[in-house]
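make a model of this:
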Amino acid sequence: FLKLLSRRSMEAVWHGEFSKLFSQFYPHLWYLIPSPAAPSPRWYRFRDSAKVRFSCQQCGNGWTSMKGRVIFWYYLNPQGAPVPEGYLHFKLYGQQCKRCKNGRFEMAMWYPEEVIKVLGNVYNRVGQTYYGFYQPPLRQDRRPGKPRTQHNAELCQACKDGECTNAH
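Residues are numbered from 1 along each chain as shown. Below is the predicted model:
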């Protein structure tokens, strides 16, 4: 049973799993970079979902979502020096608290196995794009959960950005 992570340990899981996977593209170097938007229209894009947890910083309300959303943008620069360099930018989407409706999007807390799943999926997609991987099936499993309420698009940052459909 894996617990939710604090922000610092969550960053360690994201970076640790990223390093473990993307170091396999050696000698190419890859970098993981948080980003508020797509770096450029020429970059490849990959969208994934996960079960995540939210906690309102204002009123303390907590809730789980089966629609935690992450968008990745990636690009391998063949002119990197001394070797090609790859960039994996990402955006983690938030949700607003339905209790206090303060208009602020709370950041999701990610379960470690969900981080591992989405990074594995984007690793395989990058491998398909640049390294000749065959198309492996996307892992779409999530931690078990029984949502008590319907998804509320009014409170969802990904919905507001047009990124919260069921398609990948």
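
what about Cys59, neighbour count?
12 (other CB atoms under 10 Å). For the C-beta atoms, the positions are set from N, CA and C on the backbone; glycine is no exception.

for it, which non-adjacent residue is spatially closest?
Taking CB to CB, 6 or more residues apart in numbering as the measure, Cys59 lies nearest to Cys100, with 4.5 Å between them; neighbours along the chain are not counted.

contacting residues for the one you found?
Contacts of Cys100 were listed using CB atoms under 8 Å, 6 or more residues apart in numbering, and they are Cys56, Gln58, Cys59, Asn61.

that's a helix at the third one, yeah?
No. Using DSSP: H, G, I helix; E, B strand; the rest coil, the assignment for Cys59 is coil, not a helix.

just the pLDDT at it, thanks.
In this prediction, Cys59 carries a pLDDT score of 92.

going forward, begin numbering at 57 instead of 1
Okay, using 57 as the starting number, the last item reads as Cys115.

can you give me phi and psi for it?
Main-chain dihedrals, Cys115, degrees, to the nearest 10: phi -110, psi -10.

what about it, distance to His207?
21 Å (CB to CB, to the nearest Å).

turn the contacts of Cys156 into JSON lines, including distance to Ser65.
Shown next, in JSON lines, are these (distance: CB to CB, whole Å):
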{"residue": "Cys112", "distance to Ser65": "21"}
{"residue": "Gln114", "distance to Ser65": "23"}
{"residue": "Cys115", "distance to Ser65": "24"}
{"residue": "Asn117", "distance to Ser65": "23"}
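
so among the residues you listed, which ones count as buried?
Cys112 (16 or more other CB atoms under 10 Å).

tell me the one of the contacts of Cys156 nearest Leu175?
Proximity of those to Leu175, judged by CB to CB, is greatest for Cys112, which lies at 27.0 Å.

what's the local residue count around the closest residue to the closest one other than its chain neighbours?
The spatially closest residue to Cys112, leaving aside those adjacent along the chain, is Cys153, at 3.8 Å (CB to CB, 6+ apart). Counted with other CB under 10 Å, the burial measure for Cys153 works out to 22 neighbours.

is it true that Cys153 touches Asn117?
Yes. With contact defined as CB atoms under 8 Å, Cys153 counts as touching Asn117 (5.2 Å).

wait, what's in contact with the nearest residue in space to Gly150 that is not next to it in sequence?
Spatially, and ignoring its direct neighbours in sequence, Gly150 is nearest to Phe161 (3.3 Å; CB to CB, 6+ apart). The contact partners of Phe161, taken as CB under 8 Å, 6+ apart, are Tyr149, Gly150, Gln151, Gln152, Gln213.
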